[in-house]
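J.: Everything below, folded, please.
(2 chains)
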Amino acid sequence: AQSVTQPDIHITVSEGASLELRCNYSYGATPYLFWYVQSPGQGLQLLLKYFSGDTLVQGIKGFEAEFKRSQSSFNLRKPSVHWSDAAEYFCAVGTANQAGTALIFGKGTTLSVSS
Amino acid sequence: GAVVSQHPSWVICKSGTSVKIECRSLDFQATTMFWYRQFPKQSLMLMATSNEGSKATYEQGVEKDKFLINHASLTLSTLTVTSAHPEDSSFYICSARDDRVRNTGELFFGEGSRLTVL
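T.: Sure thing, here's the model as predicted:
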C-alpha cells in the first residue's frame, strides 16, 4: 500500500534562509508525487508535481523538489524563504494510470518563518 | 482553469440535524471526486471516492449511512452529514480529477467546508 512520511512535524526557518522539507514515500511502482501548501482555514494549493522525466521539478513561488528513486524521497526546497511562506505543507503520492485512485497525504509539516 | 468550488465554507448546526456540502468543478468535468476530512493540525484523511452515476466507495471506518455522497452529474458531488454530532465537527475538503487529464493523478481541491456541530 502507498504511504507518505513527512519526518518533520514543525520547522522554523529565518526569513531569507534556505528551506528543505523532507518527504519519503512507499509505493511499488513509479509514483506520481505532489507537494501542496495550505494556509490556515484554507484549501490546498498545488506547489509542484512529478510524473516522469526530469527528476528536478520547478513549482510556483520559487519552490522546487527533487525525485530520488533510490531514496524514495521527494524533498521540497526553496533557496530563500519569505514570511508569507509560513503555512502547512503536505506531500502526497498517487498511483500511476489509475484515474480512480485518490492521493495519499503525509501528515504535514508546519513551517514557521522567523524575522 | 481547473477550479473546484465548495459550499458552504462555514456551517454551524445543532446536534441531530443534517448538513449538505456541495462540491462543484466549475470549468471541467469530473467523473471522479474525492472527499477528505481534516482534523485540526492533522493531515487529510480520505473518506470516500465518488464516481458519477454510481455508488461511492468508502474508506474503512467511514460510516456510509452517516456520510451520504451523491455524484449526480459530472460537475457536482454532495456530501450530507446526517444526524450530525459534535464529533463530526471537522474541515471537509473535496477534490476532483479533470477528465481530460485523468491519467496524471492530479487532483484539484476545493477550499474546504468548516462544520461545527453544537
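J.: The most centrally placed residue in chain A pairs with what?
T.: Centroid-nearest residue in chain A, with Cα atoms, centre = their mean: A:W35, separated by 3.3 Å. Using DSSP bridges, the bridge partners assigned to A:W35 are A:L48, A:C91.
J.: Give me the pLDDT for it.
T.: We have a pLDDT of 97 for A:W35.
J.: try B:K41
T.: 78.
J.: ok now stretch A:58-69, how far from the chain's centre?
T.: Distance of stretch A:58-69 from its chain centroid, counting by Cα atoms, centre = their mean, to the nearest Å, is 8 Å.
J.: Pull it out as CSV, backbone CA atoms only.
T.: Extracted C-alpha coordinates of stretch A:58-69, given in CSV (Å, rounded to 0.1, in the frame of the first residue of the first chain):
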residue,chain,number,x,y,z
GLN,A,58,10.1,23.5,-10.5
GLY,A,59,7.0,24.8,-9.0
ILE,A,60,5.3,28.1,-8.1
LYS,A,61,6.5,30.6,-5.6
GLY,A,62,10.2,29.7,-6.1
PHE,A,63,9.8,26.1,-4.8
GLU,A,64,11.5,23.1,-6.3
ALA,A,65,11.6,19.4,-5.5
GLU,A,66,13.8,16.5,-6.5
PHE,A,67,12.7,13.0,-7.0
LYS,A,68,15.2,10.4,-5.9
ARG,A,69,14.1,6.9,-6.6
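J.: Low-confidence stretches in chain A?
T.: Applying pLDDT under 70 to chain A flags the ranges A:95-100.
J.: near chain A, which residues of chain B show up?
T.: For chain B, the residues in contact with chain A (Cβ under 8 Å from any Cβ of the partner chain) are B:6, B:31-32, B:34, B:41-44, B:46, B:49, B:51, B:91, B:93, B:95, B:97, B:102-112, B:114. (Glycine included, C-beta is placed from N, CA and C.)
J.: Which of these are buried? Put it as a ChimeraX command.
T.: In ChimeraX, this line selects whichever of the residues of chain B next to chain A come out buried by 16 or more other Cβ atoms under 10 Å in any protein chain shown:
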select /B:6,31,32,34,43,44,46,49,51,91,93,95,97,102,104,105,106,107,108,109,110,111,112
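J.: Inside helices: which ones of the residues of chain B next to chain A?
T.: Among the residues of chain B next to chain A, no member is found in helices (DSSP state H).
J.: show me where pLDDT drops low in chain B?
T.: In chain B (pLDDT under 70), the answer is B:1.
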